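Asker: turn this into a model:
(one chain, ligands or ions: 1)
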Amino acid sequence: MSVPTTMRQIAERADVSIGTVSHVINGTANVRDKLRLRVLEAIRSLGYHPSQLGRGLRRKKTTMLGMIIPDITNPFFPAVVRGVEDVAYKRSYRVVLCNTDNDPKKEISYLNDLQAYSPAGLLVIPAAESHITTLLRSVATSGPPVVCIDRRPTGWNGDVVVVANEEGSYAATQHLLRMGHKHLAVITGPVHLTNAVERLKGFRRALAEERVPIEPEYIQEARFDRRSGYPAAMRLLRLVPRLTAIFACTDLMALSVCLAARELSLACPDDLSIVGFDDLDFAEFTDTALTTVHQPGYQLGATAARLLLERIDGSKQRTKRVVLSTELMVRQSASPSREKAAATRRKQSHGQTVGVS
Ligand code: RIB
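Answerer: So this is what the prediction gives:
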């Protein structure tokens, strides 16, 4: 097994001081080209790779950003992580990614483990049943800066970057109401997650404005994913009178509504209008292109990383809650209710009759 090369060996090989080797490796002072080239040649010939971690641990701060997320296999999160990584890379920071699987114990153990590596900062998308606020607060007070993304842990008053969930859901629900749907339901996420609470609020506000009553069974709680969205969709589609529209608070749950509708021989949008939330890449390619609320996952990550780097650089500005806009993407999975469509046809034919005479 090869013995690790030390800076002393490089200094001897290049016939310079250890301090000169350190300045060349760390770029901490100008070194005459002649000496610098001798050091670089010695590094190459001895096969030396400076230990970023060793240097960082000595300085008590590495160039590592820790990122804790629920699950990278959920198609929403990769864009968020990529946004973080692109911003970090430009500033020579490297990202270590941890998946909690929405397990609060795993989340806490990751948070503790990451601290042992003296990260320069932490980015956290809390788990569904997260209990990390107390630990996050103590980390952020004594250790590296922390920015939460997408959901704000209960009681967390630190930096957070989210999207306009309430406004996005309001727009989605209003879209269905304007198409004449009165029997419309919502499948939401875990009701203690701030983004799920905000999306349900947007749904309720749109119905209240139109004075459309909300039957309790028309609000189904799920876990943002397909597995939990499917039984919720089946419960809704067995209600009488039958629903004519469902707003699912994620595209993954909207997919499960499409599946349930197909199994019940309900055509989308003729028998059932469906709207989602996220605007994942597949949304415009589903059987009937999905009307959904676009949330900028990449920008969520990039914005959070920029805010974290400001904190790492010493910014003492007051805590920030950054809210990115959402946008309703109208496609084909939602159409006017049968009543509305018939009324429109009557108006048109009436208009044509008047027009003919
Ligand atoms: O599962 C995807 C959902 O979880 C997205 O809507 C995103 O906001 C995250 O919270």
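Asker: for residue 283, which residues are in contact?
Answerer: 251, 276, 289-290, 292, 329, 331 (CB atoms under 8 Å, 6 or more residues apart in numbering). In short, each C-beta sits where N, CA and C put it, glycine included.
Asker: ok, so of those, who is nearest the ligand?
Answerer: Nearest to the ligand among the contacts of residue 283 is residue 251, at 7.8 Å by CB to the nearest ligand atom.
Asker: burial measure for the closest one, as a count.
Answerer: 25 (other CB atoms under 10 Å).
Asker: now swap in residue 250 and tell me
Answerer: Counted with other CB under 10 Å, residue 250 comes out at 29.
Asker: check contacts around the nearest residue to it once chain neighbours are set aside.
Answerer: Using CB to CB, 6 or more residues apart in numbering and skipping the chain neighbours, the partner closest in space to residue 250 is residue 224 (4.7 Å). Contacts for residue 224 (CB under 8 Å, 6+ apart) come out as 128, 189-190, 196, 249-250, 252-253.
Asker: residues of the protein that sit close to the ligand?
Answerer: Residues of the chain lying near the ligand by CB under 6 Å from any ligand atom: 74, 76, 150-151, 195, 224, 250, 252, 277-278.
Asker: gap between residue 92 and the ligand?
Answerer: Here the criterion is CB to the nearest ligand atom, to the nearest Å. By it, residue 92 lies 29 Å from the ligand.
Asker: so what's that residue scoring on pLDDT?
Answerer: pLDDT, residue 92: 91.
Asker: how close does the residue in the stretch 201-350 of the chain positioned nearest to the ligand sit to residue 253?
Answerer: The nearest approach of the stretch 201-350 of the chain to the ligand comes at residue 224, 3.9 Å away (CB to the nearest ligand atom). Going from residue 224 to residue 253 by CB to CB, to the nearest Å gives 7 Å.
Asker: residue 287 too?
Answerer: From residue 287 over to residue 253 (counting by CB to CB), the distance is 16 Å.
Asker: so the two - more neighbours on which side?
Answerer: Each of residue 287 and residue 253 has its neighbours counted (other CB under 10 Å); residue 253 has more, 31 against 12.
Asker: and that one, that's in a helix?
Answerer: Yes: Residue 253 sits within a helix when classified using DSSP: H, G, I helix; E, B strand; the rest coil.
Asker: next, the contact list for it, please.
Answerer: 187, 222, 224-226, 228-229, 232-233, 276.
Asker: what's the burial count for residue 262?
Answerer: When neighbours are defined as other CB under 10 Å, residue 262 has 13 of them.
Asker: so which helix or strand takes in it?
Answerer: Taking DSSP states H and E as the definition, residue 262 sits inside helix 251-263.
Asker: chain center to that helix, what's the gap?
Answerer: For helix 251-263, the separation from the chain centroid amounts to 22 Å (computed by CA atoms, centre = their mean, to the nearest Å).
Asker: now that helix: average pLDDT?
Answerer: pLDDT averaged over helix 251-263 gives 97.
Asker: and for stretch 22-35?
Answerer: Average pLDDT, stretch 22-35: 84.
Asker: identify each buried residue in stretch 316-330, please.
Answerer: 322, 326, 328-329 (16 or more other CB atoms under 10 Å).
Asker: where are the low-confidence patches of the stretch 51-200 of the chain?
Answerer: Within the stretch 51-200 of the chain, the set of residues satisfying pLDDT under 70 comprises 51-61.
Asker: so which residue of it comes closest to the ligand?
Answerer: Taking CB to the nearest ligand atom, the stretch 51-200 of the chain has residue 76 as its residue nearest the ligand, at 3.8 Å.
Asker: rewinding a little: now the contacts of residue 253: which count as buried?
Answerer: Among these, those scoring as buried are 187, 222, 224-226, 228-229, 232-233, 276 (criterion: 16+ other CB under 10 Å).
Asker: so which of these sit within helices?
Answerer: 226, 228-229, 232-233 (DSSP state H).
Asker: any chance of those residues in a markdown table, plus pLDDT?
Answerer: As requested, those are exported to a markdown table (pLDDT from 0 to 100):
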| residue | pLDDT |
| --- | --- |
| 226 | 94 |
| 228 | 96 |
| 229 | 97 |
| 232 | 98 |
| 233 | 98 |
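Asker: circling back: filter the contacts of residue 283 down to just the ones in strands.
Answerer: Those of the contacts of residue 283 mapping onto strands are 276, 292, 329, per DSSP state E.
Asker: need the max-distance pair from the buried ones among the contacts of residue 253.
Answerer: 228 and 276 (14.6 Å; CB to CB).
Asker: what's the most distant pair in the residues of the chain next to the ligand?
Answerer: Between any two of the residues of the chain next to the ligand (CB to CB), the greatest distance is 15.9 Å, for 151 and 252.
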